[in-house]
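Student: pasting the structure only:
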């Protein structure tokens, strides 16, 4: 009987893995099937480290009687002596890590087996037994810190789990771990690709658009921004302060662009290259200007906070242009870059560089102004004609009219 149940649940796990079912759904389906087999589960938790620029890992939870999926808990870094570190070091999972064992089983009734804080919490809620497993990966199956899956299984049945029930969960554990590992690796791939390549670019790469030399001609509003005095700052401030300095201001720039529907393609030192869809040119221009307005609103507060703790400050300057570009894979057989190329890209960079000479925070091209809506055009004023390096003829550039800008902000 147990063999048949384990076979059926394992077969379902294989099917869920091949179908790309997410971790939360896998856990819920698994727990529901255990319940159908007579195992009196009250709660279950799965913990797996991840590969993410901010979070160390994620916890997936199931509770009997909950009709909705419980939110995923993402936890921060451990090992720094902070609250997360203390919680980890007093957990049953850490005990498994230290001892090298694969299972920990504790009764919770009548004050038994409550050496861990989490066990005391479970006992206070009427739970009777706690069971934990760790399923470790081989060296070739490890990604970063993601080297195993921890799980805990809690019951409120008087007397706890039976020996047969523990045996069944132990037998099914590796199949569950394999399914969770596959789902997590898929999610990690998507997260990393979109984080390092950009959201739209990442989706295109994952969709298979990775052939070298395959590009698409698109119409785009182009954004190029830099930070004022960055070279001087790197030469005069504490080297340890440079990366936090870049992170703070890059976060402001990227958040503004994403918030307006743009796509960040490159971070080049202190520079940011982004695009806005210009199939509707006026809409693309409006979104780029909205991103700049957000940036202008948020940077003063950021700089003020940094001044309070005697950290270096700066302000971004932005060049905006519109034109046709090639969007796709460029590079060698061993190293490709999914980006935009074309004269319009170079021109945008040159326009941004002119912000220093023109003493402006934002400059836009003649083409950008012509493509903008009448409302946006009314707020753009000429700053004169400028010779742009590498561009054949001088071009009239525009900036946001200060009076109109103040009126919009009031």
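Tutor: On my side now, so go ahead. Since the model is a prediction, treat every value here as computed from it, not as a measurement.

Student: which residue sits closest to residue 34, ignoring its sequence neighbours?
Tutor: Nearest residue to residue 34, sequence neighbours excluded (C-beta to C-beta, 6 or more residues apart in numbering): residue 41, at 5.6 Å. Glycine gets a C-beta too; all of them are placed from N, C-alpha and C.

Student: tell me the domain boundaries of this protein?
Tutor: If you go by automatic domain parsing, the domain ranges for the chain are 2-196, 209-409.

Student: Make CSV out of the ones you listed and add distance to residue 202.
Tutor: Shown next, in CSV, are those (distance: least, C-beta to C-beta, whole Å):
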stretch, distance to residue 202
domain 2-196, 3
domain 209-409, 9
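
Student: got the buried residues for the longest helix anywhere in the chain?
Tutor: For the chain, the longest helix by residue count, based on DSSP state H, is helix 163-197. For helix 163-197, burial by neighbour count (16 or more other C-beta atoms under 10 Å) applies to 165-166, 168-169, 172-173, 175-184, 187-188, 191-194, 197.

Student: buried stuff in stretch 237-253?
Tutor: Using 16+ other C-beta under 10 Å as the test for burial, stretch 237-253 gives 245, 246, 248, 249, 250, 252, 253.

Student: Not counting sequence-adjacent ones, nearest residue to the fourth one?
Tutor: Yep, that's residue 249 we're talking about. Among residues not flanking residue 249 along the chain, residue 227 sits closest, at 5.7 Å (C-beta to C-beta, 6+ apart).

Student: same deal with the third one?
Tutor: Counting by C-beta to C-beta, 6+ apart, residue 248 lies nearest to residue 302, which is 6.0 Å off, once chain neighbours are set aside.

Student: Could you report the distance from the one you found to residue 247?
Tutor: Applying C-beta to C-beta, to the nearest Å, the value for residue 302 to residue 247 is 11 Å.

Student: Please apply the same query to residue 352.
Tutor: Distance of residue 352 to residue 247, computed by C-beta to C-beta: 21 Å.

Student: Can you check what pLDDT the model gives the residue nearest to residue 249?
Tutor: Residue 227 carries a pLDDT value of 95.

Student: wait, isn't it in contact with residue 313?
Tutor: No: the criterion here is C-beta atoms under 8 Å, and residue 227 misses it with residue 313 at 9.9 Å.

Student: End to end on stretch 51-59, go ahead and measure it.
Tutor: 14 Å (C-alpha to C-alpha, to the nearest Å).

Student: Let me know the average pLDDT across it.
Tutor: 76.
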